[in-house]
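Chemist: sequence first, predicted coordinates after that:
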Amino acid sequence: HRLIRRQRQMCIRDRLNSRNLNKEIYFITDMQKNGFNGELNSKSKFNVYIVDASPEEIGNLAITDVKIENQILEKGKEIDVSAIIRNYSSSSKSDVFTSAFIGGKRVAQKNVDINSYSRKGVTFKSILEKSGFIEGSIEIEDDQLTEDNRRYFYIHIPEKIKILYIKTPSKNPDYFKLALNPERFKDNLITIKERSPSDIADLEFNNFDILVYYGFPSFSEKEVFRIKRFLNKGGSIIFFPTEESNLNNFNREAARIFKLPKITGIKGQKGEEESFLTLRKIDLKHPVFSGIFQRENFSINMPHFYFTITYDKKTESEKIVEFSNKDPYILKCAREGGQIVLFASSLNLSWTDLPLKGIFVPLLNRIVHYLVSRELLNKNNYITGDEILYSSREDYKNIEIEKPDGSITVSYTHLRAHETSLHLVCRLLLEK
């Protein structure tokens, strides 16, 4: 500003000292408020002309945010994608044509009205027709600045959910496996590998999405390290108590090591069907239950629980379902970068009749999908300048990024979204 001020003052002095009959000064300006501060209030006789060179206002609309609203994604189910459209101009915009694309196909469209200097939220709904990695985008019609008229997202629907099921062999019916992987469905989405606690040393936990401990085993130091590594890579664990469970062992090891709620006691008597707890009113807004029931005015044949364990309520955790006495039945704890779910009752019929109720199968399936989806949602979308943090459950010799044009950027351990003007949806190529 000082340089511009000196130049104006030089022009004024030059005209004052000029012998020309016509004394004129032309200012070519962008008309900013701080451009003049009184230097032109001269009583001398010369003419001042101001040429307005300020740029015309750019009527710019931009998509500033895209978010997947669902917390559980499944093939054949509905997906809700929301976007924020911002109007940066001084005039309102009507009927802004906005489209949602998934897998390269336009799946929804809307006309949006946006007031000047404001923003408007819009939500699109569509059915997910396939699994795997799926690219999507929200787009608005072209304006004077097209670079911000499109915003990408991607989702991942696993083609298989792999569960390592760790339990002591028993003659009791295995309701957990029947609920998630009934034998009559050969192409089931969920695959279960069953092992006893003493037979898992040769298994790589990171090859699975979820570890299910049916019972509370004793953890060796090596197994604790493997579990922490599994959680750190985004894995999930589910714990069920059983008749063989050592509750003191759980408090001494699992609860202490992973900072889980400790078991504070037991309630009820196994097989005593005259005295029981049931479940409180179910929160249909919770992702686990959202979409299970077609009607809001439904009735559930509530299960009975004859024997339960109680968890410490002071430890940080999320209560997914609670008993009629407000004790937690299902708790979720975010730990070590992963998720741990605790059940307060076994699936044995001497503990509960839950496996015989209609809610049992959808409840277990939704919890499994909920844990897997939370690992993948809204995690891998970046804009220019963002640091890309990629964590894998497997070790790779080389990491490459393939751009939409087929070119490849080689990367080693640190990635950064440094592209300048292009919106890119990249694939990560991993070499073992």
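Modeler: Nice, I can see it. Keep in mind that this is a model prediction, so the values were computed, not measured. Numbers count the residues shown, from 1 in each chain.

Chemist: just for the stretch 151-300 of the chain, where's the confidence low?
Modeler: Along the stretch 151-300 of the chain, the model assigns pLDDT under 70 to residues 182-187, 291, 293-298.

Chemist: strands of the stretch 51-200 of the chain, start to end?
Modeler: Along the stretch 51-200 of the chain, the stretches classed as strands by DSSP state E, counting those that start in this stretch are 61-68, 78-87, 93-102, 105-114, 119-127, 132-140, 150-157, 161-167, 190-195.

Chemist: pick out the shakiest of the ones you listed, pLDDT-wise.
Modeler: Note on the strands of the stretch 51-200 of the chain: lowest mean pLDDT is at strand 150-157, with a mean of 86.

Chemist: what's the single longest helix in this structure?
Modeler: Using DSSP state H, we find that the single longest helix of the chain is helix 360-376.

Chemist: what angle do that one and strand 150-157 make?
Modeler: Following axes from the mean of the first three to the mean of the last three CA atoms, to 10 degrees, one obtains 130 degrees for the angle between helix 360-376 and strand 150-157.

Chemist: and the contacts of helix 360-376?
Modeler: Outside of helix 360-376, the residues within contact range by CB atoms under 8 Å, 6 or more residues apart in numbering are 70-74, 155-156, 158, 161, 163, 175-176, 179-180, 190, 209-210, 234-236, 238, 287-289, 292, 303, 320, 330, 338-339, 341, 354. (C-beta placed from N, C-alpha, C; glycine too.)

Chemist: what about 7 Å?
Modeler: Outside helix 360-376, the residues within contact range by CB atoms under 7 Å, 6 or more residues apart in numbering are 71-74, 156, 158, 161, 179-180, 190, 209-210, 234, 236, 287-288, 292, 339, 341, 354.

Chemist: just the buried members of the residues you listed?
Modeler: The neighbour-count test (16 or more other CB atoms under 10 Å) marks 72-74, 156, 158, 161, 179-180, 190, 209-210, 234, 236, 287-288, 339, 341, 354 as buried among the contacts of helix 360-376.

Chemist: just the ones of these in helices?
Modeler: Those of the buried ones among the contacts of helix 360-376 lying in helices (DSSP H): 179-180.

Chemist: could you look up the SS state of Asn206?
Modeler: Secondary structure assignment for Asn206 (DSSP: H, G, I helix; E, B strand; the rest coil): helix.

Chemist: neighbours of it, how many?
Modeler: 17 (other CB atoms under 10 Å).

Chemist: distance of it from Ile340?
Modeler: Distance, Asn206 to Ile340, by CB to CB, to the nearest Å: 16 Å.

Chemist: now Gly234
Modeler: Distance, Gly234 to Ile340, by CB to CB: 12 Å.

Chemist: again, but for Ile155
Modeler: 24 Å.

Chemist: repeat that for Ile163.
Modeler: In terms of CB to CB, Ile163 sits 15 Å off from Ile340.

Chemist: so what sits opposite the residue nearest to Lys177 when sequence neighbours are not counted in the bridge?
Modeler: Nearest residue to Lys177 in three dimensions, chain neighbours excluded: Ile192, at 5.9 Å (CB to CB, 6 or more residues apart in numbering). Here Ile192 sits in beta bridges with Ile163, going by DSSP bridges.
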